[in-house]
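Peer 1: just need the structure, nothing else, for what follows:
(chains A, B, C and D)
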Number of protein chains: 2
Amino acid sequence: MTTTLHSRVEDDILNRIQSGDWHVGDRLPKEEDLAAQLGVSRSTLRIAFASLERKGVLQRKKRAGTRIISDRPTSRFSMVTGGISEVLSLGRDTRFDISSTRSVADDSVAVLSGLESETGHWLEITGTRKIDENEPPFNWSQIYVTGRYAGIAPALGKGVTSVFEVIEDAFGTKVSRVSQKVLAIACPDRAAKAMGLAEGDPVLQIVARLYDQDDRLFEVSSATFDPERFQVNTDVRVE
Amino acid sequence: MTTTLHSRVEDDILNRIQSGDWHVGDRLPKEEDLAAQLGVSRSTLRIAFASLERKGVLQRKKRAGTRIISDRPTSRFSMVTGGISEVLSLGRDTRFDISSTRSVADDSVAVLSGLESETGHWLEITGTRKIDENEPPFNWSQIYVTGRYAGIAPALGKGVTSVFEVIEDAFGTKVSRVSQKVLAIACPDRAAKAMGLAEGDPVLQIVARLYDQDDRLFEVSSATFDPERFQVNTDVRVE
DNA sequence: ATAAATTAAAAGTACGTACTTATTGAGTGG
DNA sequence: CCACTCAATAAGTACGTACTTTTAATTTAT
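Peer 2: The predicted model follows:
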């Protein structure tokens, strides 16, 4: 017995799924029964279940049981960060200075294409971030929030740490998922002017989508960065 | 009783650390004793410990006990990916075609500055990746492996999926941590020629450092990507 | 038919006990 | 003084039991 019992149970369950013995979508026998069937304690089985759930193979729900949702485990990697701000690649202590806000319709802006807000329109917030007061900003961003949250406009006033935090505070919304894309683009005119670069210079663009606890998209941000003063750092640890 | 017992225990321990009652570096009483002192079972305390360990506050070692290694928990975010290949932003099924290899000394290349291999030299592997055989490559990479693994050179032969996988297979080494940086740069001459771009065009550059199970740096890679055909996508879920 | 209340099933939490394993620090011998 | 053995210790694994919470499903009332 080289490995632990619970990891052998885990392998066993995965094998049964992959060998076609059990199928994706099936509900497993209840913990008590499966444990008895496998000849292990419920606690041991639960450790195996927990691991398979984290790997995206199983989904557990009270009263509804444990379902198979995938036949291949995704190895998980944990990002080592200090918070969502860092996931969004903003320093913890930079400030977002707002230069303008306006309301835009679905599809009127490239980054929103294919997306829709319940109200059919979005609040666009344009602004910049600085490292040092005396230097030009290193970032120029356009942030879109769904109509539902358009009421934050007055609260934005002079400047904030970040828009999503204002929403979190005002509505109790919580970011539960972030999906982002990092690109290299030729700097567009407006961003170049704001950051003191030349149009066409290489810049980093990060387009992020923020989802709330109910997995509803509530913010889309498109941020452009001066590559001399900004890179994206990611530290991932294999779990 | 609004929360669970183990999470209250967790908060309690964290509070004692943050209030200065216990200090970073200290060893906690052994599980049995602390559990008794807190009036909970050892199992419950262990759940709290496990959570604090994952958040980087505690470090547990058999026989040596549980130490406090930080006073502020890092919220963890899990990257939703299919594997390390994706962390390294390579499609699962692209092939790395090697164009040349050579040995270089510490400090002779910019991306290696400040780093050192035990042998004082690195094996440099230069190559490209293609999406489609009939199109120019979308990526041009230079990969450096420490002298310890220089023996893989013959095994690289015609082309491989990725260099780190060859090392994993040949030496049983496992990637346990990846630290990477994404930049936007003006495309250098060699990369431009390889990818069919013009020198100076904006391109994405990803510099990654791979660490093994003993946290030793074993590979440094610098990869340049055609921004038209490649972006970095990250999906993170708040834990 | 629809909404509200009830029930019961399945996962979640917690405790206690017993045994196993890895490691460190002390002891022992060359 | 170094290497090697050994024992004690603290964490790790596992089991079993008891009770709680959530929620799907059923029943009852409107």
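Peer 1: and A:Asn15, how many neighbours?
Peer 2: 11 (other Cβ atoms under 10 Å in any protein chain shown). Any C-beta I mention is one placed from the backbone N, CA and C, and that applies to glycine too.
Peer 1: nearest residue to it other than its sequence neighbours?
Peer 2: A:Asp21 (7.9 Å; Cβ to Cβ, 6 or more residues apart in numbering or on different chains).
Peer 1: confirm that that neighbour sits in a helix.
Peer 2: No. According to DSSP: H, G, I helix; E, B strand; the rest coil, A:Asp21 belongs to no helix; its state is coil.
Peer 1: for it, give me phi and psi.
Peer 2: Dihedral angles phi and psi of A:Asp21 (degrees, to the nearest 10) take the values phi -70, psi -40.
Peer 1: pLDDT score for it?
Peer 2: Turning to A:Asp21, the model gives it a pLDDT of 95.
Peer 1: near DNA strand D, which residues of chain A? Just list them.
Peer 2: A:4-6, A:39-44, A:47, A:61-64 (Cβ under 7 Å from any atom of the strand).
Peer 1: quick one, what contacts the residue nearest the centre of chain A?
Peer 2: For chain A, the residue nearest the mean C-alpha position is A:Val178 (1.3 Å; Cα atoms, centre = their mean). By Cβ atoms under 8 Å, 6 or more residues apart in numbering or on different chains, A:Val178 lies in contact with A:Ile84, A:Val87, A:Leu88, A:Ala208, A:Arg209, A:Leu210, A:Tyr211, B:Phe77, B:Thr234, B:Asp235, B:Val236, B:Val238.
Peer 1: the first one and B:Val40, how far apart?
Peer 2: Right, A:Ile84. Going from A:Ile84 to B:Val40 by Cβ to Cβ, to the nearest Å gives 32 Å.
Peer 1: okay, now the domains of chain A?
Peer 2: Residue ranges for the domains of chain A, per automatic domain parsing: A:5-68, A:84-238.
Peer 1: want to throw those into TSV with distance to DNA strand C?
Peer 2: Shown next, in TSV, are those (distance: least, Cβ to the nearest atom of the strand, whole Å):
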stretch	distance to DNA strand C
domain A:5-68	4
domain A:84-238	17
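Peer 1: give me the number of residues near whichever residue of chain A sits closest to DNA strand D?
Peer 2: When scored by Cβ to the nearest atom of the strand, chain A has A:Leu5 as its residue closest to DNA strand D, at 2.5 Å. A:Leu5: 16 surrounding residues under other Cβ under 10 Å.
Peer 1: which residues touch it?
Peer 2: A:Val40, A:Thr44.
Peer 1: same question, the one 4 residues further on
Peer 2: Applying Cβ under 8 Å, 6+ apart to A:Val9 gives the contacts A:Leu38, A:Val40, A:Thr44, A:Leu45, A:Ile47, A:Ala48.
Peer 1: give the buried subset of those residues as a PyMOL selection command.
Peer 2: Those of the contacts of A:Val9 that count as buried under 16 or more other Cβ atoms under 10 Å in any protein chain shown are selected in PyMOL with:
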select buried, chain A and resi 38+40+44+45+47+48
